[in-house]
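Peer 1: following is a predicted model, sequence given first.
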Amino acid sequence: MGADPTRAGVTVAVDPADAGRTAAFYRARPAGRGPADLPELRAARAAMPPPVPASPPAVPVVAEADGHAVPVRVTEPAGPPRGVLLEIHGGGFYLGSAAAGDLRNRALADALGVAVVAVDYRLAPERPWPAAPDDCATAALWLLDRAPGLFGTDRVAFTGASAGATLVATTLLRLRDRGLVGRVAGAELRFGTYDLSATTPAGRRIADEYFLRAYAGHVADRTDPDLSPVFADLTGLPPVLLTVGTDDVLLDDDLAMADRLVAAGVDVDLRLYPGVPHGFTGHDTPVAELARRHAQEWLSGRLAAPPR
């Protein structure tokens, strides 16, 4: 299913019974919010449960490129990988870790028969921008160089959710500027934030969020495309799957990013899932299961074909 190159995108049809079960889940679930300041962030970090290990476990590796190094976690399938996914976790640029995604990445590796390389990028506010995109670019350069030797394949795609989707976009732009993005088969982006400057209508909806101050509060011009990729020249990027819920505060931001990608000539598949909020693919609902299956099918198709 390809995207209609308009702001409407493709609203995914959901079975009424599944929509009802999903709606019941959200009625019973209190609405969440991110930390409002540094003390709340520290409390949120302290309250996070330890990562649950996968079986077989992910293997920690240090990725090195251009004199920089970043830790990554590698999850491989049982047989020879048919491709490699670079996974960038979400968490508002200030929460999360690669290890927290071990179970999810094990499921991806087994379902798709791919290796998953998860980036443990540095977090704000201790390490604000550009630390995170620097780390993600390091991991991407290392992967493009080492994938054939380490995994026996040069089929590479990227995936990221929320802040991770933003970092996937900035990583693609950095690779494009080095003439390397043609080696990426595609990028799956879930509910990213693409205007961190609060200058667009979509960006102003999140202007008071603490993560903006933590990650980019020191930057005079936050329309820098390395921070806010919606302002970038997006030409030359690989095919993109954009996934977002109709109740997501970032919906308009994702629609604007889709518009900009289409205008730049990028192959865009925009899928809108009805009645679900930010982060919905991480929830135990029928609509989340449907979106995860669609993303896996899209990634499988991209990795089955050589990069452009």
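Peer 2: That came through fine.

Peer 1: assign a three-state SS to residue 40, would you?
Peer 2: helix (DSSP: H, G, I helix; E, B strand; the rest coil).

Peer 1: ok, the spatially closest residue to it that is not a sequence neighbour - how many residues close by?
Peer 2: Nearest residue to residue 40, sequence neighbours excluded (CB to CB, 6 or more residues apart in numbering): residue 210, at 7.6 Å. Yep, even glycine has a C-beta here, placed from its N, CA and C like the rest. Neighbours of residue 210 under the rule other CB atoms under 10 Å: 20.

Peer 1: now residue 24
Peer 2: That count, for residue 24 with other CB under 10 Å as the rule, works out to 11.

Peer 1: helix or strand for it, just tell me which one.
Peer 2: Per DSSP states H and E: residue 24 is located in helix 16-27.

Peer 1: residue 41 and residue 210 touch, don't they?
Peer 2: Yes - taking contacts as CB atoms under 8 Å, residue 41 lies within contact range of residue 210: 7.2 Å.

Peer 1: hey, what's in contact with both of these two?
Peer 2: Counting by CB atoms under 8 Å, 6 or more residues apart in numbering, the residues touching both residue 41 and residue 210 are residue 35.

Peer 1: ok, now how distant is residue 173 from residue 125?
Peer 2: 24 Å (CB to CB, to the nearest Å).

Peer 1: who's more crowded, these two?
Peer 2: residue 173 (21 against 16).

Peer 1: which residues touch the more buried one?
Peer 2: 225, 226, 229, 232, 234, 237.

Peer 1: make sure it is indeed in a helix.
Peer 2: Yes - looking at residue 173 with three-state DSSP, it is inside a helix.

Peer 1: could you report the pLDDT at it?
Peer 2: With respect to pLDDT, residue 173 scores 98.

Peer 1: again with residue 29
Peer 2: 88.

Peer 1: backbone dihedrals for it, both of them.
Peer 2: phi -110, psi 120 (degrees, to the nearest 10).

Peer 1: which other residues reach stretch 217-226?
Peer 2: 125, 128-130, 133, 170, 173-174, 196-199, 212, 216, 227-228, 231-233.

Peer 1: the helices in the protein, which residues?
Peer 2: Using DSSP state H, the helices of the chain run over residues 16-27, 38-47, 102-112, 131-151, 163-177, 201-204, 210-216, 251-263, 286-304.

Peer 1: tell me which of those helices is the most buried.
Peer 2: helix 163-177 (a mean of 25; mean count of other CB atoms under 10 Å).

Peer 1: quick one, that one and helix 131-151 angle?
Peer 2: 70 degrees (axes from the mean of the first three to the mean of the last three CA atoms, to 10 degrees).

Peer 1: residue 295 against residue 187, yeah?
Peer 2: No - contact criterion CB under 8 Å: residue 295 and residue 187 do not qualify, at 11.2 Å.
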